[in-house]
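> Below are the sequence and a predicted model for it; my questions follow.
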Amino acid sequence: MRSRLLPIFATALIILGLAGCGASGPDLPTLTSQPADLEFSVRADGELVASESMPISLPGSIRMSFNVAWLAPEFSDVREGDVIARFDDVQVKLEKESSSLNVAKSEFKLADAERDGLLERTRIGHESLRVDGERNISEAFSAADERLFSRNELIDILADLDYLDVESSFLDWQYETLDRRMQAEQNFIMAERQGELSKLEKQEKALEMMELRSPADGTFVYARTPWGEKLGKGKTVYPGMPIGLLPVRGKVKTRLYVPEADAVGLAVGQLVRFRLDSAAEREFTGRVVEVSPVASPRTREDPQKFFRLDAEIDEVDPDLMRVGSRLRAEIITGEIEQGLVVPAQAIHGEAGNTYVFVVNGRQVERRDVVLGRRSPDLVELKSGIEPGDRISLVTPVGES
């Protein structure tokens, strides 16, 4: 009830102050301070969110992203097994075709490697026969009478024998290592093939997940991205990331948003009064259970910052209170009994001191005050003024 009297009280004070401005006083809008019982409040809007829910998410076994192609309407009633989300499978199908092609290429590479190994074995055999033939010829010449050859010819024959010995050793090494080299090449191709088979298996499993079904009966609610936006068509999701929620009936709380400029005196435990847009004739109450430590934008498109508050509801009406229902709320940040309150615009500050301008007849006096509780619009004055003082709502001309 006090919060409902606050606007009436403030308006009445201003009217009385303006009425007190006559020909005998400065032409300033004023109010006359009078003790009153008042509540300080902060207004907020928000919605009902689930306090208990069953998350719906993609299995975490497939490590890849999915693009949402379709989602069931938010807040629609779904039954166990109903399709609630479909994902774009075009990219996955293209990747599957590419993996299948790479697996087939690996099969051809293996066949080519085996054929190349057989050809290499044949080549080494032929080269060995050639070297043995040339060695026999060179040895025959070396055993002949030296008088039949010149010195240079003898040197060439001996050099040929040395060269043929080296070539024979190299061919022997090639033959001995051929199997190992062929096996290494085949192992490399098999590793590539296994990698493509793993991709293919993952893509086939992903194609089986292109439709996500509800695990139970309930009301389907969209999940939110890490930056607070609701999921929708075109969004990218990952395994293990919630797609939506199935709230438990009757397990709801209020989520409130207060503009940063109005967030004065917010604290856990404060009383919240709220009305649902769908049932504005009824007022409900709750208590603040969480206040965000910093203000942040509600969406990436709107730079305005808000403090977020969660409040538990004293009495939940499960038939009326559904997740997603919009609401308007009033958070009671404090109350005073027989206190003196003025609009925030009447308070001035300088060098750490706060003061008001008191109008006395045609004189204006600057008077230091001590502030008490406050709301976005009103401030309690704990000392510095007395009941009946006329306080200027604006800075008088010539005052700084």
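Great, that's in hand.
> Measure how buried residue 50 is and give me the count.
18 (other C-beta atoms under 10 Å). Any C-beta I mention is one placed from the backbone N, CA and C, and that applies to glycine too.
> go on, the one 10 residues further on?
A count of nearby residues for residue 60, using other C-beta under 10 Å, gives 10.
> try residue 29
By other C-beta under 10 Å, the residues close to residue 29 number 14.
> Check the offset of stretch 292-304 from the chain's centre.
With C-alpha atoms, centre = their mean, to the nearest Å as the basis, stretch 292-304 stands 13 Å off its chain's centre.
> List of residues touching it?
Contacts with stretch 292-304, where a contact means C-beta atoms under 8 Å, 6 or more residues apart in numbering, come from 227, 228, 229, 257, 259, 260, 263, 305, 306, 307, 308, 309.
> let's see it at 10 Å
225, 227-230, 257-261, 263, 266, 305-310 (C-beta atoms under 10 Å, 6 or more residues apart in numbering).
> and what of stretch 91-98?
By C-beta under 10 Å, 6+ apart, the residues outside stretch 91-98 that reach it are 64-67, 89, 196, 199-200, 202-207, 209-210.
> Restricted to helices, list these.
196, 199, 200, 202, 203, 204, 205, 206, 207 (DSSP state H).
> which among the residues you listed end up buried?
196, 199, 200, 202, 203, 206 (16 or more other C-beta atoms under 10 Å).
> want to throw those into TSV with pLDDT?
As requested, those are exported to TSV (pLDDT from 0 to 100):
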residue	pLDDT
196	92
199	89
200	90
202	86
203	85
206	83
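> how does the protein divide up, domain by domain?
With domains defined by automatic domain parsing, the chain comprises 55-87+210-247, 90-208.
> With respect to residue 45, which of these lies nearest?
The closest approach between residue 45 and any of those, judged by C-beta to C-beta, belongs to domain 55-87+210-247 at 15.4 Å.
> Determine how far the last residue of the closest one lies from the first.
End-to-end distance for domain 55-87+210-247: 8 Å, by C-alpha to C-alpha, to the nearest Å.
> So which bits of the lengthiest strand in the chain are buried?
Longest strand of the chain, by residue count under DSSP state E: strand 326-343. Under the neighbour-count criterion of 16+ other C-beta under 10 Å, strand 326-343 has 327, 329, 330, 331, 332, 333, 334, 336, 339, 340, 341, 342 buried.
> Give me the distance between the first one and residue 47.
Using C-beta to C-beta, to the nearest Å, one gets 6 Å for the distance from residue 327 to residue 47.
> what is in contact with the two at once?
With the criterion set as C-beta under 10 Å, 6+ apart, the overlap between the contacts of residue 327 and residue 47 is 254, 255, 256, 276, 277.
> Tell me where the stretch 1-150 of the chain has strands.
30-32, 36-50, 53-57, 66-71, 76-78, 83-87 (DSSP state E, counting those that start in this stretch).
> Just name the most buried of the ones you listed.
Ranked by mean neighbour count, the strands of the stretch 1-150 of the chain are led by strand 30-32 with a mean of 23 (mean count of other C-beta atoms under 10 Å).
> how far is it from where the chain is centred?
50 Å.
> try stretch 65-75
17 Å.
> Just checking: what are the partner strands of whichever strand or helix holds residue 371?
Counting by DSSP states H and E, the element that carries residue 371 is strand 370-374. Take DSSP bridges as the rule and strand 370-374 pairs in its sheet with strand 378-383 (antiparallel).
> Okay, angle between the partner strand and strand 36-50 too, please.
Strand 378-383 and strand 36-50 meet at an angle of 140 degrees, taking axes from the mean of the first three to the mean of the last three C-alpha atoms, to 10 degrees as the criterion.
> Sheet-wise, list the partners of the next helix or strand after strand 378-383 with their directions.
Note on strand 378-383: by DSSP H and E, the next helix or strand toward the C-terminus is strand 390-392. Partners of strand 390-392 in the sheet, by DSSP bridges, are strand 30-32 (antiparallel), strand 353-360 (antiparallel).
> Could you tell me the least trusted of these?
Mean pLDDT values for these show the minimum at strand 30-32, a mean of 87.
> Can you list phi and psi of the closest residue to residue 250 other than its chain neighbours for me?
Among residues not flanking residue 250 along the chain, residue 318 sits closest, at 3.8 Å (C-beta to C-beta, 6 or more residues apart in numbering). When read as degrees, to the nearest 10, the backbone of residue 318 gives phi -60, psi -20.
> And stretch 96-107, what's buried?
96, 99, 100, 102, 103, 106.
> so where is this structure shaky, pLDDT-wise?
1-26, 137-161, 226-228, 398-400 (pLDDT under 70).
> Now do the helices in it.
2-19, 90-142, 151-208.
> need the strands for the stretch 201-350 of the chain, in chain order.
Secondary structure of the stretch 201-350 of the chain by DSSP E, counting those that start in this stretch: the strands cover 211-213, 218-222, 236-237, 242-247, 252-259, 271-276, 279-291, 296-297, 305-313, 326-343, 348-350.
> Nearest to residue 38, out of these?
For residue 38, the closest of the strands of the stretch 201-350 of the chain is strand 326-343, at 5.6 Å, according to C-beta to C-beta.
> Specify the angle between the closest one and strand 370-374 in degrees.
Angle of strand 326-343 versus strand 370-374, following the same axes, to 10 degrees, is 160 degrees.
> Between the contacts of stretch 91-98, which sits nearest residue 135?
residue 196 (48.2 Å).
> Now do the contacts for the closest one.
Going by C-beta under 10 Å, 6+ apart, the list of residues near residue 196 reads 98, 99, 100, 101, 102, 103, 104, 105, 106.
> One more pass at 7 Å, please.
Shown in contact with residue 196 (C-beta atoms under 7 Å, 6 or more residues apart in numbering): 99, 102, 103, 106.
> Pull up the distance across stretch 254-269, start to finish.
End to end - C-alpha to C-alpha - stretch 254-269 spans 14 Å.
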